[in-house]
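> dropping a prediction and its sequence here:
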Amino acid sequence: MIRKNVLLSIFAALVFSIVAFAADISGTWAASFDTIVGVQNYSYTFKVDGNKLTGHMKSQYSDTDIQEGTINGDDISFVENMTFEGMPLRIVYKGKVSGDEIKLTRNVADIATEEAVAKRAK
């Protein structure tokens, strides 16, 4: 029984240390995606609470809250649910944080994959 408690304590410490080392991306970021409908300029406002990522994003086609956001170490993911020309469109983002840059890849409704580098606004 003591051994089980020790193992659980070690596991809990590891989980908390992973959350503690999550990249601090809170704040405003900007990125430009070259898409089939032209260049789309995005502004992201990220908020981090543990490994939960929330916030807001805005472009010429979208103005919506971040959905399903997570951050684990320097890996992030989130979803943009938007409407384009009257049709719902789900865009899934994955990224890798490195200092004041995030290398983003997004999957647009399983139709297109697009990449961009987001930079922290100063």
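Arrived safely, thanks for sending.

> quick one: average pLDDT of stretch 35-45?
Taken as a whole, stretch 35-45 has a mean pLDDT of 94.

> residues of that stretch that come out buried?
By neighbour count with 16 or more other CB atoms under 10 Å, stretch 35-45 contains the buried residues 40, 42, 44-45. For the C-beta atoms, the positions are set from N, CA and C on the backbone; glycine is no exception.

> now swap in stretch 42-59 and tell me
By neighbour count with 16+ other CB under 10 Å, stretch 42-59 contains the buried residues 42, 44-46, 48, 53, 55, 57, 59.

> do stretch 88-108 as well
For stretch 88-108, the neighbour count (16+ other CB under 10 Å) marks 91-93, 95, 97, 102, 104, 106, 108 as buried.

> before we move on, what about stretch 112-119?
114, 116, 118.

> in the protein, where is pLDDT below threshold?
1, 3-22 (pLDDT under 70).

> let's see that with 80 instead.
Low-confidence segments of the chain, defined by pLDDT under 80: 1-23.
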